[in-house]
Structures are given as C-alpha cells and as structure tokens.
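Enquirer: Quick one, structure for this:
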Amino acid sequence: MAGGHCGWSWAALLHLLLGVNLIVMPSIKARTLRFVTLLYRHGDRSPVKTYPKDPYQEDEWPQGLGQLTKEGMLQHWELGQALRQRYHGFLNTSYHPQEVYVRSTDFDRTLMSAEANLAGLFPPNEMQRFNPNISWQPIPVHTVPITEDRQAQGTRTRRT
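Expert: Predicted structure coming up:
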C-alpha cells in the first residue's frame, strides 16, 4: 500500500483507541480517595552554626541554633489549615487516632513542625478541649531513635 494508507485514517484510529480507553477505564467520578501519605520538611529554622565574626551568635536565636523559628511554626500551622481545606470531606472534622498517624525524625525542629502542622489541621472541638483558654489539643507524633531511623541516617552528619 503506497504511503502507508491502510484504509484507516489516523484520526479514526485515534478516535477508536480513545473510545475503547474510555469504556475500559473507570469513570473519574467513580473514583474515591482512600489513603493519603504526606511528606514534608520542617519549617524555617535558625542556622545550625555560625561563623566566628557573625553578629548573630547563638544567643541571638531565642530557640537556639538549628531550631524551628516562630516563622517556621507559623508556616506549619498554616500548612495544617491548608491541608484541612484540601482534604475537606476526606478527613473527619475532629482528630481520630485511628485515622491519622504522624511520624517524625527525632529532632526538635521536625517534631515541632509536626506539632504545629497538627494544630492547624485539627483544631479541637468543644469535646476535645481540655482548657477553655487553649485552642490546641495534644496529638501523638511518633518517632524512633536516630540509630534505628533508616530515613534519617544521613541526617546525623548532615544537619539540614
């Protein structure tokens, strides 16, 4: 056949393939979200070390070197609020331990980031509030010792 013409036009063939694909593939509307895994870094932190003539030595950082700053805490609180909106209808309106598992490396800045994130994600309802003056509830953040944490093995020598 001259010019590769075999009776089917490319448009017809493409139309047929797309039609078969749409019949075989489940409808997007029929799909439901069943599981979410989130991975994120800590928020803004202070420097892990200073240089000799740096005017901002460790005593200039309220939390110390390598620690989460107020800005980092706010970043994760806002991220938690954004996740609450993003997964509205998937997450319950209140914290349920059987639905959420949080794991962090065993560094102050990562643990504090996770806690600030959870504070934004799950503000306590009236039943969960243990003190009327505090709009926060404790939510477990799991960790393992650095010697057993395969994900953080490189973190021991390379502090980020």
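Enquirer: can we go C-alpha only for contacts and neighbour counts from here?
Expert: Noted.
Enquirer: From T69, how far off is the most centrally placed residue in the chain?
Expert: Centroid check for the chain by CA atoms, centre = their mean gives L38 as the closest residue, at 3.9 Å. L38 sits 22 Å away from T69, going by CA to CA, to the nearest Å.
Enquirer: hang on, the earlier thing: look up which helix or strand the residue nearest to the centre of the chain falls in, please.
Expert: Assigned by DSSP states H and E, L38 falls within no helix or strand.
Enquirer: for it, what are its contacts?
Expert: Shown here is L38, which makes no contacts under the criterion CA atoms under 8 Å, 6 or more residues apart in numbering.
Enquirer: Please report how far it lies from E126.
Expert: Distance of L38 to E126, given as CA to CA: 27 Å.
Enquirer: Nearest spatial neighbour of Q57, chain-adjacent residues omitted?
Expert: T50 (6.2 Å; CA to CA, 6 or more residues apart in numbering).
Enquirer: Look up how far D106 lies from the residue nearest to the centre of the chain.
Expert: Per CA to CA, L38 is found 18 Å from D106.
Enquirer: related to what we said a few turns ago, shouldn't the residue nearest to Q57 be in contact with D59?
Expert: No. Using CA atoms under 8 Å, T50 makes no contact with D59, being 11.0 Å away.
Enquirer: which of the two has more neighbours?
Expert: T50 (13 against 9; other CA atoms under 10 Å).
Enquirer: Need the pLDDT of the more buried one.
Expert: At T50, the pLDDT value in this model is 89.
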